[in-house]
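# How does the following fold in three dimensions:
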Amino acid sequence: MSDQAVIDSFYQTVDTFIRLLGPEQVSRSELFFRLSRAAIGANIDYSELQRIVGRITSFGAWYEAWQQSAGHFAHLAEQAEARGHPLTAGEHYLRAALLYHFAQLFTRPEDPRRRTGQQQRVVYYRRACPYLVPPIELVQIPYGELKIPGYLRLPIGHDRPRPVAIMIPGANSVKEELHHWGETLIKRGLATLAVDGPGQGELSVRNGGVPLKLESYHQAVSAMIDYAAGRPELDATHLALWGQSTGGNLVLAAAGRDARPKAVVSLGGGYDFRRKTASTAPADVREEARDLYGLSSFAELASYVQAHGSLQGLIEKIRSPILLIHGGQDGLVAPEEIEEIRRAATAPVELLFYDDGNHSICNRNLEMSSAMADWLADQLA
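Numbering: from 1, shown residues only. Predicted coordinates:
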């Protein structure tokens with residue numbers, strides 16, 4: 001069966017399940033989507049999530065269901081802005097941005113609405129930035145011929161250079177989606193620099209950017225560290241790398257090549273992507289990874305990841321403390337990958353493990369995110 005036939009069959013199955021069981025029940029199987037991810041990432045409450053879910057009657061209705069709420073909050077934000085209520089405007093612009101993100105996230109790549117949703121996510125997040133407390137600064141980090149887009153956020157009352165966490169997203173997450181995890185760090189006095197690295201978000205192949213190259217991504221991370229070291233508001237001698245999902249693998253690989261980070265957090269990251277590229281992995285996961293790396297087939301994907309995806313020989317070189325966060329119900333990262341990281345490490349390793357946790361522990365986020373933020377604040381104190 002061709003790759004396209006596998007993909008088409010997968011989405012047809014998802015559509016059938018949504019029609020028969022409803023989107024909430026489908027999300028519980030993690031076959032296609034985790035509503036827990038949207039609940040924490042979209043900055044909405046349960047009632048709004050239920051309104052969205054109630055509009056999803058088929059896979060084809062996915063985008064419109066989320067877009068309707070995104071447009072509603074964008075309108076509320078514009079009204080608040082016109083009336084001189086910047087705090088309300090910022091909160092609603094943020095919701096609009098993140099709702100557009102989840103609208104496009106599970107829309108077929110060839111659907112033009114996916115590109116629209118990605119653009120709207122960036123537009124509305126940037127409209128929120130000056131109104132949030134504390135505000136967010138859009139930055140451009142030089143890296144070869146690229147300018148890496150990032151959001152720098154400083155804690156309130158930053159009367160001295162602050163420790164900073166560089167935050168790197170995963171295969172289909174983006175810098176904007178990291179906002180809620182960044183909030184937990186800001187509250188503990190840390191600055192955050194959330195980025196779309198080469199191949200991610202604004203710099204993805206689908207957005208006219210470049211492929212993510214596992215063998216060279218660490219060079220981009222070093223450029224991010226260089227940038228942080230040049231900002232007087234930041235204390236780059238107390239700098240951490242934080243990565244989610246694929247980003248967890250990327251920050252571990254970078255820390256194995258650059259000794260400057262003082263702590264590393266891998267949230268849902270793995271050792272070698274063994275589940276994500278297997279023929280048993282959901283087709284949307286493999287499709288996302290194939291496009292992320294700029295490849296043309298699932299066979300190329302498996303070959304490329306086998307050659308460049310492993311952390312073998314890198315974990316041993318990390319000198320800073322490592323925090324691994326993993327769930328027993330993670331369908332994308334095998335538990336044995338976490339054990340391989342722990343066995344190979346020569347630096348101190350701590351593990352936050354949740355038996356019933358899903359990928360990135362979205363279903364235990366309240367307790368996980370505070371524990372993660374406390375650990376990181378302690379390391380950078």
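# strands paired with the longest strand along the chain, and their directions?
Counting by DSSP state E, the longest strand found in the chain is strand 234-244. Sheet pairing for strand 234-244, assigned by DSSP bridges, gives strand 162-168 (parallel), strand 263-267 (parallel).
# closest one to Glu300 among those strands?
Minimum separation from Glu300 across the strands paired with strand 234-244 (C-beta to C-beta) falls at strand 162-168, 24.0 Å. Heads up, the C-betas are built off the backbone N, CA and C, glycines and all.
# Could you identify the helix or strand that succeeds that closest one?
Counting by DSSP states H and E, the next helix or strand C-terminal to strand 162-168 is helix 179-186.
# in that following helix, what counts as buried?
For helix 179-186, the neighbour count (16 or more other C-beta atoms under 10 Å) marks 179, 181-182, 184-186 as buried.
# what would those look like in JSON lines with distance to Arg206 and pLDDT?
Shown next, in JSON lines, are those (distance: C-beta to C-beta, whole Å; pLDDT from 0 to 100):
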{"residue": "His179", "distance to Arg206": "21", "pLDDT": "98"}
{"residue": "Trp181", "distance to Arg206": "24", "pLDDT": "98"}
{"residue": "Gly182", "distance to Arg206": "24", "pLDDT": "98"}
{"residue": "Thr184", "distance to Arg206": "30", "pLDDT": "98"}
{"residue": "Leu185", "distance to Arg206": "29", "pLDDT": "98"}
{"residue": "Ile186", "distance to Arg206": "30", "pLDDT": "98"}
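# hang on, the earlier thing: what average pLDDT does the longest strand of the chain get?
In this model, strand 234-244 has a mean pLDDT of 98.
# nearest to Gly41, of the buried residues of helix 179-186?
Nearest to Gly41 out of these is His179 (C-beta to C-beta; 7.9 Å).
# so the closest one touches Ala194, yeah?
Yes. If you go by C-beta atoms under 8 Å, His179 and Ala194 touch, sitting 7.5 Å apart.
# Low-confidence ranges, the stretch 51-200 of the chain, go.
Counting by pLDDT under 70, the stretch 51-200 of the chain contains no low-confidence range.
# just checking, next helix/strand downstream of the longest strand of the chain?
By DSSP H and E, the next helix or strand past strand 234-244 is helix 246-255.
# Run through the neighbouring helices and strands of that following helix.
strand 162-168, helix 217-229, strand 234-244, strand 263-267 (3 or more C-beta pairs under 8 Å, 6 or more residues apart in numbering; DSSP states H and E).
# check contacts around Val195.
141, 148-151, 166-168, 175, 224 (C-beta atoms under 8 Å, 6 or more residues apart in numbering).
# Turn those into JSON lines, columns for neighbour count and distance to Thr88.
Formatted as JSON lines, the contacts of Val195 follow (neighbours: other C-beta atoms under 10 Å; distance: C-beta to C-beta, whole Å):
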{"residue": "Ile141", "neighbour count": "22", "distance to Thr88": "31"}
{"residue": "Ile148", "neighbour count": "24", "distance to Thr88": "31"}
{"residue": "Pro149", "neighbour count": "21", "distance to Thr88": "26"}
{"residue": "Gly150", "neighbour count": "23", "distance to Thr88": "26"}
{"residue": "Tyr151", "neighbour count": "22", "distance to Thr88": "21"}
{"residue": "Ile166", "neighbour count": "26", "distance to Thr88": "30"}
{"residue": "Met167", "neighbour count": "28", "distance to Thr88": "26"}
{"residue": "Ile168", "neighbour count": "31", "distance to Thr88": "31"}
{"residue": "Lys175", "neighbour count": "25", "distance to Thr88": "24"}
{"residue": "Met224", "neighbour count": "24", "distance to Thr88": "33"}
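# Show me where the chain has its helices.
Secondary structure of the chain (DSSP state H): helices located at 3-21, 23-29, 35-41, 46-54, 62-82, 86-105, 112-128, 179-186, 217-229, 246-255, 283-292, 298-308, 335-344, 365-380.
# Nearest to Ile325 among those would be which one?
When these are compared by C-beta to C-beta, helix 365-380 sits nearest Ile325, at 6.2 Å.
# relative to helix 179-186, how tilted is the closest one?
Angle of helix 365-380 versus helix 179-186, following axes from the mean of the first three to the mean of the last three C-alpha atoms, to 10 degrees, is 40 degrees.
# OK, contacts around Gly268?
170, 244-245, 248, 325-327, 330, 332-333, 359-361.
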